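Chemist: Just need the structure, nothing else, for what follows:
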Amino acid sequence: LMKKNIDDSDIRKMILDIVRMAESYADPDGWIASSREHADEKDAVSELRWVKDYLDHIRLVAGDAERVFKERRECFITEPDAEKKKNAEKLCELYSDDMVRMREVSGADSLEKAAQILSSKWKAFPKKKTAECYGDELTDQLYSERETIKKSFKSLYTEADIYADLTHSEAYINCILDIVEAFRDRLLIEKKKVKKYEFADIAHAAFRVLFDVGKQTPTETGRRMSELYRYIYIDEYQDSNDLQENILNAVARRDRNGDISNVFMVGDIKQSIYRFRLARPDLFNRKAELFKDDKGGRLINLNMNYRSRKEVLDATNYVFGSVMKKSFGGIEYDEDIELHFRDEYDKNFPESESNYDTELILIDTSDQEDIPGDDEDILSDFATDEIEAIQIGKKIKSLIDGDGKEGPMMVLNEDFDPSRKEDERNPRFRRARYGDIVILQRKVKSSTPMVRIYEQMEIPVLLDDSSGYFDAMEVVTILSVLRVIDNV
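Modeler: Okay, here's the model as predicted:
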């Protein structure tokens, strides 16, 4: 942490990060106190929250690995080639043994038990024989995949290891937290001197007015404030933090059971992008689980989509359904959560004969042969974002003019008059125009090189980015002319 005794910047950053985290909680002192959590006895280690999470993670990885090994085994069970059958049987036996091992680990009730299961030697992969039967490429893929899984279990910590580390590091952790507490106290004194406060200070001051942390009950002011608000509406709830949650709870009304009764929360866990700002999407997930069973509230799934084509929803559901699990994202992406298509879209926006299927274009810039198109040698002179712009430009051109295989994209004609006969002068559909197309990017800043590519491809582009004003071709040209005039 001392960067080889050069400076203490890493320690300073650690202290500031801990302070920042503490300030996101309604009770910073209580959070710091809970962070001193330790186990007095070895047997108590397994009851620590993060140790339980670690064991759950190991079991989850083992369960996923078992599914991978099962899929590989099924690939070789029905090997039709008699010459390859013997090697296929060896691979089936290997993967069956791996499956049993992973199944036992996923069912282990302790880290010690999981480590014991993994201590036995893995069977050797028949690399040479597999290469003779199936080629080097497939063999390397199977071997690397299995080795990656094996490595994920290589450095497994047991409860005994964790207890030893906790015993050794407890004094250091407490020392850091002592510094954090002293720093927070001194910082507040300095803020009061100069009468300058941060947003978190103001939020905490408001919370202390509304809620008595010691008694764990709203203050008289909090109770009076709750009478002013008939309903409380919270948008983007998945981005709330602990402090914001408790401030709103302090002024919320409650029923006879003590449950909050006038708060309406709207959120989407898929849009949770502010964890770096210490948002707590787990608050959203916890309430969703409780409200699903009518415990403390009611859950309403707003899963009907009225503004997207079925192809867009199918692609979205496919991606999130593949990666979003209870252990990754906090929810199971099931039928209640996935986006559902409504027939009203087709009624308002009937489809033409154009292909609306979602398409994924991959560009491997490390291998020029993989770059689509006929300009591989030319493309090698461009930066990555410019190559991406070229491929986007080609796709746009194909939508406007067709690509030889399919004609131009047809879209609903906004000037179509349903009261008149549909003909050439009153078509229901028309050819797509450049103005119908939008390019979505994570950020528009520094997009000037891509815009230049589009302009060179004669694709008109409108970019709402004032930061690139002096990089625009027109401005650069005028400035160059002015410099020439100045030199003359």
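
Chemist: low-confidence ranges in this protein?
Modeler: Along the chain, segments meeting pLDDT under 70 span 1-5, 37-42, 327-330, 344-351, 366-381, 446, 465-472, 488.

Chemist: Show me where it has its strands.
Modeler: All strands of the chain, identified by DSSP state E, fall at 211-212, 217-218, 232-234, 263-265, 304-305, 340-341, 410-412, 429-431.

Chemist: Let's have these in JSON lines, adding distance to residue 314.
Modeler: All C-beta atoms are positioned from the backbone trio N, CA, C, and that covers glycine. Formatted as JSON lines, the strands of the chain follow (distance: least, Cβ to Cβ, whole Å):
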{"stretch": "strand 211-212", "distance to residue 314": "46"}
{"stretch": "strand 217-218", "distance to residue 314": "47"}
{"stretch": "strand 232-234", "distance to residue 314": "31"}
{"stretch": "strand 263-265", "distance to residue 314": "28"}
{"stretch": "strand 304-305", "distance to residue 314": "11"}
{"stretch": "strand 340-341", "distance to residue 314": "8"}
{"stretch": "strand 410-412", "distance to residue 314": "20"}
{"stretch": "strand 429-431", "distance to residue 314": "22"}
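
Chemist: any chance of the ones you listed in JSON lines, with mean neighbour count and distance to residue 363 too?
Modeler: Putting the strands of the chain into JSON lines (neighbours: other Cβ atoms under 10 Å; distance: least, Cβ to Cβ, whole Å) gives the following:
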{"stretch": "strand 211-212", "mean neighbour count": "18", "distance to residue 363": "54"}
{"stretch": "strand 217-218", "mean neighbour count": "15", "distance to residue 363": "57"}
{"stretch": "strand 232-234", "mean neighbour count": "14", "distance to residue 363": "42"}
{"stretch": "strand 263-265", "mean neighbour count": "17", "distance to residue 363": "41"}
{"stretch": "strand 304-305", "mean neighbour count": "14", "distance to residue 363": "30"}
{"stretch": "strand 340-341", "mean neighbour count": "16", "distance to residue 363": "31"}
{"stretch": "strand 410-412", "mean neighbour count": "16", "distance to residue 363": "27"}
{"stretch": "strand 429-431", "mean neighbour count": "17", "distance to residue 363": "28"}
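
Chemist: Please identify which of these is closest to residue 25.
Modeler: strand 211-212 (12.8 Å; Cβ to Cβ).

Chemist: and for that closest one, what are the contacting residues?
Modeler: Contact partners of strand 211-212, identified using Cβ atoms under 8 Å, 6 or more residues apart in numbering, comprise 26, 217-219, 222, 246-247, 250.

Chemist: now swap in stretch 99-119 and tell me
Modeler: Outside stretch 99-119, the residues touching it (Cβ under 8 Å, 6+ apart) are 46, 51, 54-55, 58-60, 62-63, 65-66, 69-70, 73, 120, 122, 153, 156-160, 162.

Chemist: ok so, going back, of all pairs in the contacts of strand 211-212, which one is the farthest apart?
Modeler: For these, the farthest-apart pair by Cβ to Cβ is 217 and 247; their separation is 14.6 Å.

Chemist: For the residue nearest to residue 317 when sequence neighbours are not counted, the count of nearby residues, please.
Modeler: Excluding its sequence neighbours, the residue lying closest to residue 317 (Cβ to Cβ, 6 or more residues apart in numbering) is residue 338, at 4.6 Å. Residues near residue 338, counting by other Cβ atoms under 10 Å, number 18.

Chemist: gap between residue 338 and residue 31?
Modeler: For residue 338, the distance to residue 31 (Cβ to Cβ, to the nearest Å) stands at 36 Å.

Chemist: contacting residues for residue 322?
Modeler: Residue 322 makes no contacts at all, as judged by Cβ under 8 Å, 6+ apart.

Chemist: my guess is residue 464 contacts residue 444, does it?
Modeler: Yes - contact criterion Cβ atoms under 8 Å: residue 464 and residue 444 qualify, at 6.8 Å.

Chemist: Looking at the two now, which is surrounded by more residues?
Modeler: Neighbour count, other Cβ under 10 Å: between residue 464 and residue 444, residue 444 has more, with 16 against 5.

Chemist: Distance of that one relative to residue 438?
Modeler: Distance of residue 444 to residue 438, given as Cβ to Cβ: 12 Å.

Chemist: cool, residue 451 as well?
Modeler: For residue 451 relative to residue 438 (Cβ to Cβ), the value is 14 Å.

Chemist: before we move on, what about residue 6?
Modeler: 50 Å.

Chemist: got the contact list for residue 292?
Modeler: Per Cβ under 8 Å, 6+ apart, neighbours of residue 292: residue 299.

Chemist: just to revisit the earlier point, more neighbours: residue 451 and residue 438, which one.
Modeler: Set residue 451 next to residue 438 and count neighbours by other Cβ under 10 Å: residue 451 wins out with 21 against 6.

Chemist: What's the separation between residue 334 and residue 320?
Modeler: For residue 334, the distance to residue 320 - Cβ to Cβ - is 11 Å.

Chemist: Those two: which is more packed in?
Modeler: Taking neighbours as other Cβ under 10 Å, residue 334 and residue 320 compare with residue 320 leading, 16 against 9.

Chemist: Could you verify my assumption that the more buried one touches residue 270?
Modeler: Yes - counting by Cβ under 8 Å, residue 320 does reach residue 270; the two are 6.3 Å apart.

Chemist: just the helices in the stretch 251-400 of the chain please.
Modeler: All helices of the stretch 251-400 of the chain, identified by DSSP state H, counting those that start in this stretch, fall at 281-292, 310-323, 343-348, 376-379, 384-401.

Chemist: For residue 144, find the nearest of these.
Modeler: Nearest to residue 144, of all these, is helix 310-323, at 21.6 Å by Cβ to Cβ.

Chemist: Name the residues of the closest one that are buried.
Modeler: Neighbour counts over helix 310-323 (16 or more other Cβ atoms under 10 Å) mark 310, 312-317, 320 as buried.

Chemist: between those, which is nearest residue 326?
Modeler: Comparing the buried residues of helix 310-323 against residue 326 with Cβ to Cβ places residue 320 closest, at 13.2 Å.

Chemist: what's the distance between the closest one and residue 426?
Modeler: 41 Å.

Chemist: Same check on residue 113?
Modeler: Distance of residue 113 to residue 426, given as Cβ to Cβ: 74 Å.
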